[in-house]
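>>> Everything below, folded, please.
(one chain, ligands or ions: 2)
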Amino acid sequence: MTSKVTILPENLCNMIAAGEVVERPASVIKELVENSLDAGAGDILVEVEGGGKKLMRVSDDGEGMSRDDAFLCLERHATSKIRAPQDLAALRTLGFRGEALPAIASVSRMTLRTCGNDEGEGVEIYLEGGTVRKSQDLGLPRGTLIEVRSLFFNTPARRKFLRRDETEIGHIADVVTKQALAHPRVRFRLLHNGRELFEVRRDSLLEERIGAFLGRPLLRQLVPVAEGEPGDLSLRGFICPPEVTRSSTGAIYTFINGRYVRDRVVQHAVLEGYRNLLMKGRYPVVVLFLELDPAQVDVNVHPTKHEVRFRDQGRVHDFIAEGLRRVLKPSPGLGVATPPAHPAPDLAPRPAAQFHASPGAAAPADQARERVHEALVQYERRTQAGSAPPAQSGRPPAAAAPCLAAAAPDSGGFFQNLRYIGQYRNSYLLCQDGDDLVLVDQHAAHERIRFEQLREGYRRGTPARQALLFPLVVEFDFKGAAVLAEHLDLLTKFGFDVEAFGGKAFAVKALPAQLAEADVERLLRDVVGDLEQVGKSGAAEDVLDDFLMRLACHGVVRANQSLAPAEAQALLKALDGVDFKAHCPHGRPVQVRLGLTEIERLFRRG
Ligand code: ADP
Ligand code: MG
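Ligands and ions are numbered 1, 2, ... in the order given. Below is the predicted model:
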């Protein structure tokens, strides 16, 4: 019998490695830019066409390679960064596995141009599917250029999984953003289809980079962090006070020894630092650099090196969490200094104590609650008087009645004919139906109403829209901007009117009428976070419902919110205007009924 086991050919090994290392165009950019950084580049140009599916080109002014090295680096396990096992414990470079270039080459058409001397004696190599097809000596300046065309041309199954250009360039911008944040001294340029997406200049400050990538308004609110001693364990960077939050963890940028990581322990520690300062479901904005002895952290856990393993996980966790708490919390005796509403831009590091935010994010919650109250009362007035509501500042009178104004038949309807008794624990509406006691969960009810109204507007193609008097401009990071750009049409169908405003900025001109009371900027940021989330799940209808559910949550009446009888009745009435009243969109029941016999049994009567 002939042997059935064989050693795979080199090129097949590379394709298998590519399966791990090269997930999408952005992974190619990550590897190429890391190589440029490892080569000491001070200027990195990233050019992309067609979301990276057509072309990616990364050029740098780094140390370059000799002719021999240029050929060698295309071999599997060829690296200049480690030589012996002990080097793994002292890594100072981003790369070390020596598999990126051969892996990328194996699934694309790649050109490598490099020169490692000042005499201009360079070389150009062209490969197809990992096989060298052409090479020639070429006069070049010192540095390296790598061009990757037709990614996955020889693995159609993987090519099929690539998303729209906007999505892919969003991921690419995200990757370059992270690298540019970690290397403020390096100039980065990103071009898509010849158009410049961004350029950040050489020798910048980290603060400037944060402003450029996360939005200038953020600059005023940054709180510097400087904990621990360089050499041992240290944490440097900037964080935002608890008032500045996002709906996802997307603005938590953490780096370990200059490498962007999305580590569970680090992320948990950051959130632990903000514990009790953020509302549920809100996440902070942080850009943090953890430095520690390379021997204390193993980055060789995953081919893309996004995860790490700490030798002393507990120590690192507590160091981060306690460090952040110290910065965020007033030290005893200093008192709580609330930052002024609009402090002047000032990038000079200040003692942390001056930045202390008032603990607890109670203020925004209160405001939201007030707005809901106002809306409910207005609705009630309007339906009683049959007149339009008074215009709110910045907003014209509503064309369609916002909030709870479902097209409820005025007379009939189960809920509005209940006898409202009162509110229990500021959370449940007690009502009487004949001899039965009916309890309505006010939060679940309001969410259901929102959900159905939004879905109905979407289905009929007539979403109720509320125009803003003054369009509000909101700036996003690149990924957010890309996601939003891709979904503008979808948002229109829900009643939004959002337009690209140049760069990463978007102008909000109208909102779904049901959400007219929401904080516009926060709503839009959350929507973008939600779109990133829902994009990942399955069937279109599910995605839609999922998105609607999240949308429906904005500014609804909460549990633990006292409602005036008129407000409670408005809520009950609005429930009659929607279908499927039995459950809130999350599947919890909206109402529970207790019969007289059940109640009497509790009292051992009858
Ligand atoms: P690794 O980065 O893990 O060493 P790669 O396959 O990414 O493996 O690169 C192989 C080698 O090619 C690197 O170790 C480096 O010596 C060389 N190299 C790659 N890109 C560049 C570049 N832009 N400038 C200079 N040398 C490079
Ligand atoms: Mg590399």
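>>> Which residue would be the closest one in the stretch 301-450 of the chain to ligand 1?
Lys305 (9.7 Å; CB to the nearest ligand atom). Using the backbone N, CA and C atoms, a C-beta is placed for each residue, glycine as well.
>>> Tell me how far the residue nearest to that residue when sequence neighbours are not counted lies from ligand 2.
Leaving aside its sequence neighbours, Lys305 sits nearest to Val299 (CB to CB, 6 or more residues apart in numbering; 5.1 Å). To ligand 2, Val299 is 13 Å away according to CB to the ion, to the nearest Å.
>>> in its sheet, what does the host helix or strand of Thr144 sit against?
Using DSSP states H and E, Thr144 sits within strand 143-149. Strands that pair with strand 143-149, judged by DSSP bridges, come out as strand 55-60 (antiparallel), strand 109-115 (antiparallel).
>>> for the ones you listed, which one sits closest to ligand 2?
The minimum distance between ligand 2 and these falls on strand 55-60, with 11.4 Å, by CB to the ion.
>>> Now do that closest one: everything it contacts.
Applying CB atoms under 8 Å, 6 or more residues apart in numbering, the external contacts of strand 55-60 come out as 25, 28-29, 32-33, 36, 39, 41, 43-49, 143-149, 151, 172.
>>> How about stretch 94-102?
So stretch 94-102 is contacted by 14, 17, 21, 31-32, 34-35, 37-38, 73-79, 81-82, 87-88, 112, 130, 146, 258-259, 300, 303, 305 (CB under 8 Å, 6+ apart).
>>> Quote the end-to-end distance of that stretch.
Stretch 94-102 has its terminal residues 17 Å apart, counting by CA to CA, to the nearest Å.
>>> What of stretch 81-95?
Distance across stretch 81-95, first residue to last, is 7 Å (CA to CA).
>>> about what we covered before: the contacts of strand 55-60: which ones sit near ligand 1?
Filtering the contacts of strand 55-60 for neighbours of ligand 1 using CB under 6 Å from any ligand atom leaves Ser36, Ala39, Thr144.
>>> out of those, who has the most neighbours?
Counting neighbours by other CB atoms under 10 Å, Ser36 leads those with 29 neighbours.
>>> I believe it is in a strand; please confirm or correct that.
No: applying DSSP: H, G, I helix; E, B strand; the rest coil, one finds Ser36 to be helix, outside a strand.
>>> Contacts (any at all) between ligand 1 and stretch 82-100?
Yes: interface with ligand 1: stretch 82-100 contributes Gly95, Phe96, Arg97, Gly98, Glu99, Ala100 (CB under 6 Å from any ligand atom).
>>> Pick the one among those residues closest to Cys240.
Using CB to CB, Gly95 comes nearest to Cys240 of the residues of stretch 82-100 next to ligand 1, at 31.8 Å.
>>> Give me the neighbour count for the closest one.
20.
>>> now it, what's its secondary structure?
Per three-state DSSP, the local secondary structure of Gly95 is coil.
>>> I'd guessed Phe289 sits against Arg236; true?
Yes: using CB atoms under 8 Å, Phe289 makes contact with Arg236 at a distance of 4.9 Å.
>>> Who has more neighbours out of those two?
Neighbours per residue, other CB under 10 Å: of Phe289 and Arg236, the larger number sits with Phe289, 20 against 17.
>>> dump the residue contacts of that one.
Going by CB under 8 Å, 6+ apart, Phe289 touches Ala182, Leu235, Arg236, Gly237, Thr254, Phe255, Ile256, Gly258.
>>> do that again at 10 Å, thanks
Going by CB atoms under 10 Å, 6 or more residues apart in numbering, Phe289 touches 181-182, 206, 225, 234-238, 253-259.
>>> Then Leu233?
By CB under 10 Å, 6+ apart, the contact set of Leu233 is Glu227, Leu290, Glu291, Leu292, Asp293, Gln296, Asp312, Arg315, Val316, Phe319, Ile320, Gly323.
>>> Produce a ChimeraX select command limited to the buried residues of the residues you listed.
Remark: buried members of those, expressed as a ChimeraX selection using 16 or more other CB atoms under 10 Å:
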select :227,290,291,292,296,316,319,320,323
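>>> Could I get the contacts of Leu233 in CSV, plus columns for pLDDT and distance to ligand 1?
Putting the contacts of Leu233 into CSV (pLDDT from 0 to 100; distance: CB to the nearest ligand atom, whole Å) gives the following:
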residue, pLDDT, distance to ligand 1
Glu227, 93, 31
Leu290, 96, 22
Glu291, 95, 21
Leu292, 94, 21
Asp293, 92, 21
Gln296, 92, 21
Asp312, 93, 27
Arg315, 94, 29
Val316, 95, 25
Phe319, 96, 29
Ile320, 96, 28
Gly323, 94, 32
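>>> Just name the closest of the contacts of Leu233 to Gly503, please.
Using CB to CB, the contacts of Leu233 come closest to Gly503 at Leu290, 30.8 Å.
>>> give me the beta-bridge partners of that closest one?
The partner residues for Leu290, given DSSP bridges, come to Leu235, Ile256.
>>> can you start the count at 17 instead of 1 from here on
Got it, the first residue is 17 from now on, which makes the last one we talked about Leu306.
>>> hang on, isn't it packed against Asp279?
Yes: taking CB atoms under 10 Å as the definition, Leu306 is a contact partner of Asp279 at 9.4 Å.
>>> Now do the shared contacts for those two.
Joint contacts of Leu306 and Asp279 (CB under 10 Å, 6+ apart) are Thr270, Ile272, Ala285, Val313, Val324, Phe326, Val332.
>>> Just the ones in strands from those, please.
By the criterion of DSSP state E, membership of the shared contacts of Leu306 and Asp279 in strands covers Thr270, Ile272, Val313, Phe326.
>>> how many neighbours does the last one have?
Counted by other CB under 10 Å, the residues lying close to Phe326 total 18.
>>> OK, contacts around the closest residue to it other than its chain neighbours?
With CB to CB, 6+ apart as the criterion, Phe326 has its nearest non-adjacent residue at 4.9 Å, and that residue is Val332. Remark: with contacts taken as CB under 10 Å, 6+ apart, Val332 is in contact with 249, 251, 272, 279, 281-282, 285, 306, 308, 312-313, 324, 326.
>>> same question, Lys69
Residues in contact with Lys69 (CB under 10 Å, 6+ apart) are 40-41, 165-169, 175, 178-181, 184-185.
>>> Okay, it and ligand 2: tell me how far apart.
22 Å.
>>> How about Leu504?
Relative to ligand 2, Leu504 is positioned 37 Å away (CB to the ion).
>>> nearest residue to that residue other than its sequence neighbours?
Computed as CB to CB, 6+ apart, the closest residue to Leu504 that is not its neighbour in sequence is Val514, at 5.9 Å.
>>> For this protein, which residues are neighbours of ligand 2?
Within the chain, the positions adjacent to ligand 2 are Asn51, Gly111, Ala116 by CB under 5 Å from the ion.
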